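Asker: Sequence isn't available, so here's the structure alone:
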């Protein structure tokens, strides 16, 4: 089965990382894949794909109203004749019309989440999704929130929606050392993600500043690590300097070896103002870390408050500070919740389970191929 995956740009990100996991886990003997990028791609990131029978193409769409990429997409689809076109998120939705006009028999659209909570209620994106919905064979929603959005706001029949949660490679992301409990040990709080406004790292830095100013840090030294790169690096650097945290907070930049970075953390924090199903939360769980996250998107499906982490209200400095303080005051809780995180990752969010769901989806839709000329 030939599947064409269409994304805006193939580069470091949660959505793109999920595609890599799917491609690497589906049986190569049964599938071949073509990645079509509307703009371009990062060759180093593409190199993470280990599956056979994968090709990548870039349409080099220019910023703004460059409609020529649609003609180039139509030509590519007619040339390669995939059995399935699988688009992701709103910025590739119009490609469904091109796939339909090119005669592609199965057309799947995935919804992975939003950059803000307000985006869920905007009328124009809802209208666009309604317009294109007759062209789509099946939807994939990564979280319950997204599933409800498609059904309740867009009006998609529940029978046309598959909810498939992201999975994590528990062999790659795993504890690398035995946990240490000591009141004198430096406690490392960490986060991984793009340095972008939606990730709200400034909230984490402010909460960390409160902890270091109010807590006996000599009793339990604290450090904060933030891995990732993006447009907010400069304002975050300035905030760290203004709060006099240069010796305690490190912006690590883009990291190729995320499991190694997470192995140096004791507690993981995801302060985002909006998320889908966060890959980095899943990776932290697999690395046996308790997770403190804002209660947005699919976070509640991954983090069970009081079991493997804590949920806080969106952009709430006091609640985030208090949640972190609870772990600082009780190192044993870090071990307990971290162990529960690893168990959940293995039992409910394995990459094998996710790949099996996609395999089942593609195979169930394969019956449509018989109608192809």
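Answerer: In hand now; what should we look at? The structure presented is a predicted model; accordingly, all values stated were derived computationally and were not measured. Numbering: from 1, shown residues only.
Asker: distance of the closest residue to residue 115 other than its chain neighbours from residue 114?
Answerer: Closest residue to residue 115 in three dimensions, ignoring its sequence neighbours and counting by Cβ to Cβ, 6 or more residues apart in numbering: residue 198, at 4.8 Å. All C-beta atoms are positioned from the backbone trio N, CA, C, and that covers glycine. Applying Cβ to Cβ, to the nearest Å, the value for residue 198 to residue 114 is 9 Å.
Asker: Now do the shared contacts for those two.
Answerer: Contact criterion Cβ atoms under 8 Å, 6 or more residues apart in numbering; residues bridging residue 198 and residue 114 by contacting each: residue 274.
Asker: and the two? which has more neighbours close in?
Answerer: Neighbour totals were compared for residue 198 and residue 114, and residue 114 leads with 24 against 18 (other Cβ atoms under 10 Å).
Asker: Torsion angles phi and psi at that one?
Answerer: Phi and psi for residue 114, reported as degrees, to the nearest 10, are phi -130, psi 160.
Asker: Let's verify the residue nearest to it when sequence neighbours are not counted: helix, strand, or coil?
Answerer: Closest residue to residue 114 in three dimensions, ignoring its sequence neighbours and counting by Cβ to Cβ, 6+ apart: residue 274, at 5.2 Å. Following DSSP: H, G, I helix; E, B strand; the rest coil, we place residue 274 in the coil state.
Asker: Is residue 274 in contact with residue 199, as I believe?
Answerer: No - Residue 274 sits out of contact with residue 199 when judged by Cβ atoms under 8 Å, with a separation of 9.3 Å.
Asker: So between those two, which is more surrounded?
Answerer: Using other Cβ under 10 Å, the more surrounded residue of residue 274 and residue 199 is residue 199, with 25 against 19.
Asker: Next, work out how far apart the more buried one and residue 265 are.
Answerer: The gap separating residue 199 from residue 265 is 16 Å, by Cβ to Cβ.
Asker: Now do the helices in the stretch 1-150 of the chain.
Answerer: 14-25, 43-46, 68-80, 95-101, 123-132, 144-148 (DSSP state H, counting those that start in this stretch).
Asker: can you redo those as CSV with mean neighbour count?
Answerer: Listed next are the helices of the stretch 1-150 of the chain as CSV, based on neighbours: other Cβ atoms under 10 Å:
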stretch, mean neighbour count
helix 14-25, 21
helix 43-46, 14
helix 68-80, 16
helix 95-101, 21
helix 123-132, 14
helix 144-148, 19
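Asker: ok so residue 252 is a strand residue?
Answerer: Yes - counting by three-state DSSP, residue 252 is located in a strand.
Asker: Would you agree it is in contact with residue 225?
Answerer: Yes - judged on Cβ under 8 Å, residue 252 makes contact with residue 225 at a distance of 6.0 Å.
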